[in-house]
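K.L.:
Here you go, sequence then predicted model.
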Amino acid sequence: MSRPLLRIVNKTGTGRRFPQAVPTGLLAVMVLFSAAPGDAQPAVRQVLMLQSFDRGTLPVDHFTSDFRVELDKRATEHVNVVQVVVGPRGSVAAPDQAIVDYIRSLFVDHPKPDLIVTAAGPAAVFARKYRQQLFPDAPILFASVDRQFLDDAPLGDNETAVAVDNQFSGTIETILQLLPETRQVFMVMGSGPLGRFWRRELESQFGRFRDRLTFVWSNDLSIQEVLRRCTSLPEHSAILYISFGADVAGASFPDERLFAELRDTANAPLFAGQSVYLGSGIVGGSLLSIDDMSRDTADAAARLLQGAAPKSINVPVRLPGQPAFDWRELQRWGISDSRLPPGSLVRYRAPSLWSAYRNTVLSAMGVLAIQSLLIIGLLYQRRARRRAELESRNHLALAADASRRLTMSALTSSIAHELGQPLSSMIHNAQAGRMMLTAERATPDAMGEILSDIEAEGVQAAQIIDRHRTMLRGRQLDTKPIDLHFVIRESIALVAHDMRTRQIEATVNLSSSPCIITGDEVLLQQVMVNLLMNAMDAMAETPPARRRVTVTTEVRTADVDVSVRDAGSGLPAQIDGALFAPFVTTKAQGLGIGLTITQTIVEAHRGTIDARNNPDGGATFTVTLRRSGTQEIRSGPASVA
């Protein structure tokens with residue numbers, strides 16, 4: 001597709017700018033038509049575009065810019081667009097006749113326009129009024145004119161139009177749908193003929209809202225007064241922007257600047273009827289698409305330049321399109337999405353976490369899923385491990401009971417000897433009493449002494465039986481304050497006879513400081529008995545003169561050490577690190593669970609146990625326990641029988 005050889009855009013200004021525009025336009029046209037001989041130039045079609053407002057009116061600016069781009073795409077020949085600003089008094093700073101003369105001067109010695117295109121209502125009125133003075137034979141395309149213009153003045157033989165139905169009443173309905181409590185609408189529009197036209201048309205359209213809304217018109221206000229009013233509107237108000245141009249004092253104000261002022265200072269939501277205003281501060285609604293209007297106009301212009309008759313071109317009236325809203329303004333004025341018309345398009349929405357960070361979210365979800373599976377697996381393993389630990393403790397409890405019974409079996413001779421002494425004493429005292437009674441030499445004092453001895457020996461026998469019965473009874477951990485030194489003495493008493501039988505000397509070095517701990521007396525007694533029995537067994541091959549077991553306590557502020565030292569062969573190197581493991585033993589007849597039970601009981605009391613070889617031979621086992629009040633004792637699942 002060929003492109004235009006040269007495009008000239010000539011625009012009248014305001015105030016003193018118009019006189020300068022005339023020679024500038026003429027010079028440009030002279031350059032255009034004197035470039036080369038006519039037979040050496042490709043054909044150029046001339047389009048005269050009459051624009052209603054100078055730069056600053058967003059819908060017209062957007063329309064004319066898009067129209068030229070779209071016409072370039074459709075034209076089959078080079079097209080030159082000459083653009084001139086015309087309009088009612090107050091929108092351009094020159095008399096109508098001066099503008100007509102200026103336009104005619106552009107084409108005095110050059111080809112006349114092949115097509116006249118008007119942009120918006122004022123330019124259409126101007127073209128109709130001065131057509132005969134301009135180019136009566138050129139077809140006219142009225143673009144972006146309200147359908148009321150065509151109703152008031154039907155199209156002529158050489159005219160066609162791309163009209164719009166603004167339907168501002170639909171915008172009022174949108175306001176009431178979004179903000180049902182609205183009571184007042186402030187109408188922002190310019191002054192002069194255009195302002196009066198819109199006020200007259202809209203007052204007629206808005207008649208059906210009079211019982212519900214009050215309309216305040218700005219066509220008789222200065223621009224400063226319009227902005228001031230918008231900062232202090234009553235509660236439940238809205239602002240509807242029509243078109244400004246110039247105020248009552250003749251001052252013009254570009255749309256972008258006016259919208260920036262309104263957006264920053266107005267205390268009510270802002271609405272308009274054209275799509276170009278979306279994003280500039282309006283809430284939104286069913287808006288006329290300027291892009292669609294530009295394409296429709298370019299299609300019609302291309303057909304006219306190709307020779308189509310204006311009467312054959314019938315473009316449907318363009319209506320407001322799909323409802324569109326600015327998400328930022330909806331949030332600003334607290335308008336819920338549920339109030340929007342069905343099928344509404346919401347633009348400028350802040351991106352959601354999913355849309356902005358989709359890959360990151362997916363990665364995070366994958367990591368979380370993997371972590372969740374790992375946590376579930378770990379919890380399952382923890383549960384299985386705890387169940388296994390409970391089962392292991394139960395098995396250890398049974399093993400502890402078996403170990404304790406085995407220990408007591410080994411102490412049978414000790415039990416018999418311990419009981420034999422008080423029982424023998426009781427028998428001898430009873431025989432002595434009988435002999436005294438037979439000889440009639442029994443006195444009350446003598447008999448009382450004999451009975452006291454029998455009672456004391458009976459109590460001693462009962463204590464011995466209770467001590468061993470307690471050791472044989474299976475039990476759960478039962479913590480209470482106990483004297484650790486008492487536990488040590490009782491434990492030594494249990495194995496004392498066996499020590500004498502094995503010719504082992506016992507040395508007890510107990511600290512002079514009190515040693516009260518929180519624990520289970522019987523279980524700790526089992527610990528001491530196991531350590532003492534292991535020490536005696538370790539000295540089976542030791543010469544009798546060197547057989548010695550030393551029990552020592554060292555009391556500190558927070559804890560106490562109980563050491564059992566022997567003079568045996570020491571700990572073998574092959575069981576280093578596995579001394580307290582189940583079923584590890586150096587005894588031919590041992591089960592290998594005594595030290596495991598001992599360690600379990602000590603750990604249930606939040607203590608520690610270790611063992612080391614002595615430099616001079618033998619081994620020392622040391623149990624460290626917390627003193628009462630320094631740490632809580634663990635209870636519950638430690639089912640150490």
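P.N.:
Cool, the structure landed. Residues are numbered from 1 along each chain as shown.
K.L.:
Just checking, which helix or strand of this protein averages the lowest pLDDT?
P.N.:
helix 17-33 (a mean of 36; mean pLDDT, DSSP states H and E).
K.L.:
Next secondary structure after that helix?
P.N.:
On the C-terminal side of helix 17-33, the nearest following helix or strand under DSSP states H and E is strand 44-51.
K.L.:
List the buried residues for whichever helix or strand comes after that following strand?
P.N.:
Sequence order places helix 58-74 as the next helix or strand after strand 44-51, per DSSP H and E. Of all the residues in helix 58-74, those buried under the rule 16 or more other CB atoms under 10 Å are 58-64, 66-68, 70-72, 74. Every residue, glycine included, has its C-beta placed from N, CA and C.
K.L.:
which pair in those spans the largest distance?
P.N.:
58 and 74 (24.3 Å; CB to CB).
K.L.:
which outside residues touch stretch 198-218?
P.N.:
146, 148, 168-169, 172, 176, 182-189, 219, 225-226, 229, 242-243 (CB atoms under 8 Å, 6 or more residues apart in numbering).
K.L.:
the domain parsing of the chain - what is it?
P.N.:
The record's domain parsing of the chain by automatic domain parsing lists 8-164, 168-287+321-350, 358-386, 411-473, 474-641.
K.L.:
So which of these is nearest residue 306?
P.N.:
It's domain 8-164; of the domains of the chain, that one is closest to residue 306 (CB to CB) at 6.7 Å.
K.L.:
For the closest one, what is the distance to the chain centroid?
P.N.:
58 Å (CA atoms, centre = their mean, to the nearest Å).
K.L.:
Surely residue 597 is within a strand?
P.N.:
No: per DSSP: H, G, I helix; E, B strand; the rest coil, residue 597 lies outside any strand segment and is helix.
K.L.:
correct me, but it touches residue 530?
P.N.:
Yes: between residue 597 and residue 530 there is a contact under CB atoms under 8 Å: 7.0 Å.
K.L.:
The two: who's more crowded?
P.N.:
Between residue 597 and residue 530, counted using other CB atoms under 10 Å, residue 597 has the larger neighbour count: 26 against 23.
K.L.:
now that one: how far from residue 532?
P.N.:
Distance of residue 597 to residue 532, computed by CB to CB, to the nearest Å: 14 Å.
K.L.:
Any chance of the domains of the chain in a markdown table with distance to residue 306 as columns?
P.N.:
Converted to a markdown table, the domains of the chain look like this (distance: least, CB to CB, whole Å):
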| stretch | distance to residue 306 |
| --- | --- |
| domain 8-164 | 7 |
| domain 168-287+321-350 | 28 |
| domain 358-386 | 49 |
| domain 411-473 | 117 |
| domain 474-641 | 98 |
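K.L.:
returning to that earlier point: nearest to residue 319, of the buried residues of helix 58-74?
P.N.:
Using CB to CB, the buried residues of helix 58-74 come closest to residue 319 at residue 59, 15.7 Å.
K.L.:
Identify the residues contacting that closest one.
P.N.:
Counted by CB under 8 Å, 6+ apart, residue 59 has contacts 120, 144, 243, 274, 276, 290.
K.L.:
quick one: residue 142 is in a strand?
P.N.:
Yes: counting by three-state DSSP, residue 142 is part of a strand.
K.L.:
May I have the secondary structure class of the closest residue to it other than its chain neighbours?
P.N.:
Leaving aside its chain neighbours, residue 142 sits nearest to residue 161 (4.0 Å; criterion: CB to CB, 6 or more residues apart in numbering). Of the three states, residue 161 takes strand under three-state DSSP.
K.L.:
Count the neighbours of residue 161 for me.
P.N.:
25.
K.L.:
swap in residue 122?
P.N.:
Quick note: residue 122 (other CB under 10 Å) scores 26 neighbours.
K.L.:
where's it relative to residue 257, distance?
P.N.:
Counting by CB to CB - residue 122 and residue 257 are separated by 21 Å.
K.L.:
tell me which element residue 151 is part of?
P.N.:
Per DSSP H and E: helix 147-152 holds residue 151.
K.L.:
Outside of that helix itself, which residues are in contact with it?
P.N.:
121, 124-125, 142, 161, 163-165, 201, 317.
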